[in-house]
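Asker: Provided below for reference: sequence and predicted model.
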Amino acid sequence: MKHILFAADHAGWEMKNELISYLSKEGYECTDLGTNSPDSVHYPEYADALCEKLIGGGYDAGILVCGTGIGMSIAANRHKGVRAALCTDEQYATLAREHNDANVLCLGARFITFEKAAKLCDVFLTTDFLGGRHKIRTDMLDK
C-alpha cells in the first residue's frame, strides 16, 4: 500500500479532502497535513510541512493543492530531494513520473475539476520512473 501525504491552502482544502476520500477508497493510506477550512492561510507553510515529512521518509508521494498549483510547486521545489510537478493533464502526470521521478503532484483547484484531479492522481501514483538517461538528470538536481 502506498502512503500519500496531502496538504492544501484555503483555495485547495475542499479538493484535498475529496481526493483523500477517493484515494482512501482506492486503497491508499492518506495523511492530511491541513488546512481544513476556507480561512486564509499561507501556502508555503503547508508545502514546507509536506516536503519535510516526505524527505524524512516513510511516505511514497505528496499531493499539494492550492488555487493554481503554482505557489505550491514553487515552495515545494525549494526542498532538496523534492521534485514537484504542476500537472494539468494526464500526459504531464505521466512524463513527470517517467522522466523526472516527480514525488509531489501539485494541482490547481480553481482550474481543474475533481474528476480531472482524481485522474491525474491515478496516473501520477501508478506510473513508474524510467531511470536510464533520466536518472542522470535527476541526480544532477540533487547535487
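Answerer: Everything's here; your move. Numbers count the residues shown, from 1 in each chain.

Asker: which residues of this protein fall in strands?
Answerer: Ranges of strands in the chain, per DSSP state E, are 3-8, 29-32, 61-66, 84-86, 104-108.

Asker: From the contact counts, what lies against the worst-scoring helix or strand of the chain on mean pLDDT?
Answerer: Using mean pLDDT, DSSP states H and E, helix 133-141 stands out as the lowest-scoring helix or strand of the chain, at a mean of 92. If you count contacts as 3 or more CB pairs under 8 Å, 6 or more residues apart in numbering; DSSP states H and E, helix 133-141 packs onto helix 90-100. Heads up, the C-betas are built off the backbone N, CA and C, glycines and all.

Asker: possible to save the strands of the chain as TSV with mean neighbour count and distance to E18?
Answerer: Below are the strands of the chain laid out as TSV (neighbours: other CB atoms under 10 Å; distance: least, CB to CB, whole Å):
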stretch	mean neighbour count	distance to E18
strand 3-8	24	11
strand 29-32	15	12
strand 61-66	27	10
strand 84-86	25	19
strand 104-108	27	11
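
Asker: Take those strands and lay them out in TSV including mean pLDDT and distance to D122.
Answerer: Listed next are those as TSV, based on pLDDT from 0 to 100; distance: least, CB to CB, whole Å:
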stretch	mean pLDDT	distance to D122
strand 3-8	98	12
strand 29-32	98	14
strand 61-66	98	12
strand 84-86	98	15
strand 104-108	98	11
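
Asker: outside of stretch 116-134, which residues touch it?
Answerer: 2, 4, 15, 18-19, 22-23, 26, 28, 60-61, 63, 65, 87-90, 92-94, 96-102, 105, 107, 109, 112, 135, 138 (CB atoms under 8 Å, 6 or more residues apart in numbering).

Asker: Out of those residues, which end up buried?
Answerer: When these are checked for burial by 16 or more other CB atoms under 10 Å, the buried set is 4, 15, 18-19, 22-23, 28, 61, 63, 65, 87, 92-94, 96-97, 99-102, 105, 107, 109, 112.
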